[in-house]
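Novice: The sequence isn't on hand, but the structure is:
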DNA sequence: CGTCACTTTGAAAGCTTTCAATAGGAGTGG
DNA sequence: CCACTCCTATTGAAAGCTTTCAAAGTGACG
């Protein structure tokens, strides 16, 4: 089947326990046997409207997932980072386009086989469910943000969200363009830029290169973000005991 | 609309009933044995932060699902209508509050048993998956709307969405208040009101009572909505052949 | 028929966008 | 190594859409 004993290159749930002998298989283990593919910046993994094809696990880089209105307005519905699985929650067709932001490495897995294996594996099923719940939860956060938060709050929320995912100190990386951020936050690129400048002027962040920022005053930023954005939570639900039986 | 062929008293896969002989069990069948409960307007089915409890099937009325920011701003993340299942996509805790808009009748089902039964039933599992995908799809539509559409487009999209669900002619019912609509559409109550007035003045809709409107020019409205909101689609994926095997 | 809650309407203010110009960086070629 | 070009980001100023604040209107109910 799939050799999940392989060297843990990716951050899987139990990565913290090098010894864990009888580790239950995880969703991401399914991809272990697949070859890594590379996508160049701007290259699409799949297009909105295409017949739903493979599921991807992102290994490196960032993917933007978006939809476009007939008149060209674009909304980025999410960014997908290493360790995330992409392409699951669609039915017959992809409802969105997924495009590499920077150089992306990913593994693909045939859709039917993906679901067949999960369907056959009692420990995997709750993980799929948990993954969908996480996606749903993120979507709800985003709806709250888009519907009821100000431009500044949106930008700060975004910076904090990236920070939570990166877990690499105060300096975060923003591989996407300002336009990407704008389309994700429901703003214009100019507004995003202004907010970044404003945060920098107040000493809350310090711009590094164009694609890096250092978060100088996390506490103040969290206050601005306004929501209980406190504890790190990325990827937790795949690990925490699922409510699903077995 | 989704008239679950009334006479089905049964709820397990080994169903026995008059007409449709070998019908596969549906998610909603699970609720058939449960007593119907009533919730009065404003009454909550569950609260954000509560330990995740029962799953509900809404039979009558409408439920608003929302989240509130610390400073009181509210975003309604969705409305739940008869035939919809509510409370599934949460893990340990409810992430939202669900509150009756008008008089609501619903059946409840214990969470553990709900998932246990689905987990044990190969035909039910893809339905749960399909349901989550539908939720996700709706959430994506909403993100697009909130992030990139104008006030008028939002209101029109909402009217058309209600129209698709009601499927009862050109007159639609809006059980929720203007404030509810506003919190759903990321607008203020005043803006919603102004847009309705504007649509009425242009003859696109005709106000009935405070909670009913007649859509006079569906085509024009669809044009304003701007997205390919053409074919009716509510609830389809629960019925259409799932990609999930078996 | 008065009260109360919700909705509509008006006018001014505000935040974000739009349009336009300037600045900054990376890559290329001399 | 520097000049040049292109693309992206920043900044400025005006316009615009939505919000805010306030008042008037409407309908249900006792």
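Specialist: Arrived safely, thanks for sending. The structure displayed is predicted, hence computed values, not measured ones.
Novice: for the helix or strand where residue A:79 lies, packing partners?
Specialist: Taking DSSP states H and E as the definition, one finds residue A:79 inside strand A:74-80. Contacting strand A:74-80 under the criterion 3 or more CB pairs under 8 Å, 6 or more residues apart in numbering or on different chains; DSSP states H and E are the following elements: strand A:63-68, helix A:125-148, helix A:178-185, helix B:125-148. Placement of C-beta: from N, CA and C, glycine included.
Novice: how about a cut-off of 7 Å?
Specialist: strand A:63-68, helix A:178-185, helix B:125-148 (3 or more CB pairs under 7 Å, 6 or more residues apart in numbering or on different chains; DSSP states H and E).
Novice: Show me the one of these that comes nearest DNA strand D.
Specialist: Of all those, helix A:178-185 sits nearest to DNA strand D, with 3.8 Å by CB to the nearest atom of the strand.
Novice: Which strands or helices does the next helix or strand after that closest one pack on?
Specialist: Following helix A:178-185 in sequence order, the next helix or strand is helix A:189-201 (DSSP H and E). Packed against helix A:189-201 by the contact rule (3+ CB pairs under 7 Å, 6+ apart) you find helix A:151-166, helix A:178-185, strand A:205-207.
Novice: Could you check the first one against DNA strand C for contacts?
Specialist: It refers to helix A:151-166. Yes - residues of helix A:151-166 contacting DNA strand C under CB under 7 Å from any atom of the strand: A:151, A:152.
Novice: How much space separates residue A:89 from chain B?
Specialist: Separation of residue A:89 from chain B (CB to the nearest CB, to the nearest Å) stands at 4 Å.
Novice: helix/strand/coil for that residue?
Specialist: coil (DSSP: H, G, I helix; E, B strand; the rest coil).
Novice: picking that back up, and the very next helix or strand once past the strand holding residue A:79, how far out from the chain's middle?
Specialist: Per DSSP H and E, the first helix or strand lying C-terminal to strand A:74-80 is strand A:85-86. Centre-to-centre, strand A:85-86 and its host chain are 8 Å apart (CA atoms, centre = their mean, to the nearest Å).
Novice: what do you get for stretch A:133-144?
Specialist: The answer for stretch A:133-144 is 12 Å, by CA atoms, centre = their mean.
Novice: Using neighbour counts, pick out the buried residues of that stretch.
Specialist: For stretch A:133-144, the neighbour count (16 or more other CB atoms under 10 Å in any protein chain shown) marks A:133, A:134, A:135, A:136, A:137, A:139, A:140, A:141, A:142, A:143, A:144 as buried.
Novice: do stretch A:221-229 as well
Specialist: A:221, A:222, A:224, A:225, A:226, A:227, A:229.
Novice: hang on, the earlier thing: would you turn the helices and strands packed on strand A:74-80 into JSON lines with distance to residue A:98 and mean pLDDT?
Specialist: Listed next are those as JSON lines, based on distance: least, CB to CB, whole Å; pLDDT from 0 to 100:
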{"stretch": "strand A:63-68", "distance to residue A:98": "5", "mean pLDDT": "98"}
{"stretch": "helix A:178-185", "distance to residue A:98": "13", "mean pLDDT": "98"}
{"stretch": "helix B:125-148", "distance to residue A:98": "13", "mean pLDDT": "96"}
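Novice: Look up the closest residue to the most centrally placed residue in chain A, ignoring the ones flanking it.
Specialist: Centre of chain A computed as the mean C-alpha position; nearest residue by CA atoms, centre = their mean is residue A:80, 3.2 Å away. Nearest-residue entry for residue A:80: residue A:63, 4.1 Å, with adjacent residues in sequence omitted and distances by CB to CB, 6 or more residues apart in numbering or on different chains.
Novice: cool, residue A:67 as well?
Specialist: Excluding its sequence neighbours, the residue lying closest to residue A:67 (CB to CB, 6+ apart) is residue A:96, at 5.2 Å.
Novice: Tell me the spacing between the closest residue to residue A:203 other than its chain neighbours and residue A:207.
Specialist: Leaving out its chain neighbours, the residue that sits closest to residue A:203 by CB to CB, 6+ apart is residue A:216, at 5.9 Å. Computed as CB to CB, to the nearest Å, the residue A:216 to residue A:207 distance reads 11 Å.
Novice: Likewise for residue A:36?
Specialist: Taking CB to CB, one finds residue A:36 at 33 Å from residue A:207.
Novice: about what we covered before: okay if I get the buried residues of stretch A:221-229 as TSV plus secondary structure, distance to DNA strand D and pLDDT?
Specialist: Shown next, in TSV, are the buried residues of stretch A:221-229 (DSSP: H, G, I helix; E, B strand; the rest coil; distance: CB to the nearest atom of the strand, whole Å; pLDDT from 0 to 100):
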residue	secondary structure	distance to DNA strand D	pLDDT
A:221	helix	17	97
A:222	helix	22	96
A:224	helix	17	95
A:225	helix	18	94
A:226	coil	14	81
A:227	coil	17	71
A:229	coil	22	43
